[in-house]
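A.B. asks: Generate coordinates for the sequence data below:
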Amino acid sequence: MKNKNIGEKILALCNSRNLSINDLVDSTGLTEVQIKRVIESKTIPSLSPLIKIARSLGVRLGTFLDDEVELGPVVHRSNEVQQPASFSSQLSDANSHLDFYALAARKTNRHMEPFFIDIQPSSTHEPIFSSHEGEEFIFVLDGTVKIDYGNQTFFLHPGDSIYYDSIVNHLVSSDDEKPAKILAVVYTPL
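C.D. replies: Residues are numbered from 1 along each chain as shown. Sure thing, here's the model as predicted:
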């Protein structure tokens, strides 16, 4: 699946398993519109549907982001240039635009997904929360980050961190109409 975008990888996995889009709808609980948006777009509508698709196909989330594999340790150098995976909200452009820079994309059989994430300010539309199995750890590098978690709201500044269960509805956004940068580690069980 080298050099394929996320949609092409999903379709290739579906084809190899003889699954249709309707089969993904049935097994993920997502709508056909959500699945087609993931497959047809260069912007991924939040981690939640992508995680549900990965679980349905029996693969790690990183399968959609990897192009190479490495059995031993993976070193990521600060001067290595990479293309981000861009995420937005599930069915609107309400949430902040998130650019994910994978830090261990070449590591095979990993259970954690470490990322640098650039968060652009959110628009004026109604935000859509995300929830999925697993856990997340976020460390703020720059800017102010607003974390809506269930019925709680946390404002994090550089050097602050949060660790939470991803199954609870949550939303990560920049707070003050300025970009923010975080280090995030996402764990999703297979």
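A.B. asks: any idea which residue sits dead centre in the chain?
C.D. replies: The chain has Leu47 as the residue nearest its centroid, 3.5 Å off, counting by CA atoms, centre = their mean.
A.B. asks: need the helices for this protein, in chain order.
C.D. replies: In the chain, the helices defined using DSSP state H lie at 6-16, 21-28, 32-40, 47-57.
A.B. asks: and those helices, which is most packed in?
C.D. replies: Highest mean neighbour count among the helices of the chain (mean count of other CB atoms under 10 Å): helix 47-57, with a mean of 22. Where you see a C-beta, it was placed from the backbone N, CA and C, and this is true even at glycine.
A.B. asks: so how far is that helix off the chain centroid?
C.D. replies: Relative to the chain's own centre, helix 47-57 is displaced by 10 Å; criterion: CA atoms, centre = their mean, to the nearest Å.
A.B. asks: Likewise for stretch 151-164?
C.D. replies: Its chain's average C-alpha position is 18 Å from that of stretch 151-164, according to CA atoms, centre = their mean.
A.B. asks: again with stretch 17-32
C.D. replies: Stretch 17-32 sits 19 Å away from the centroid of its parent chain (CA atoms, centre = their mean).
A.B. asks: okay, how far is it across it, tip to tip?
C.D. replies: Stretch 17-32 has an end-to-end distance of 18 Å (criterion: CA to CA, to the nearest Å).
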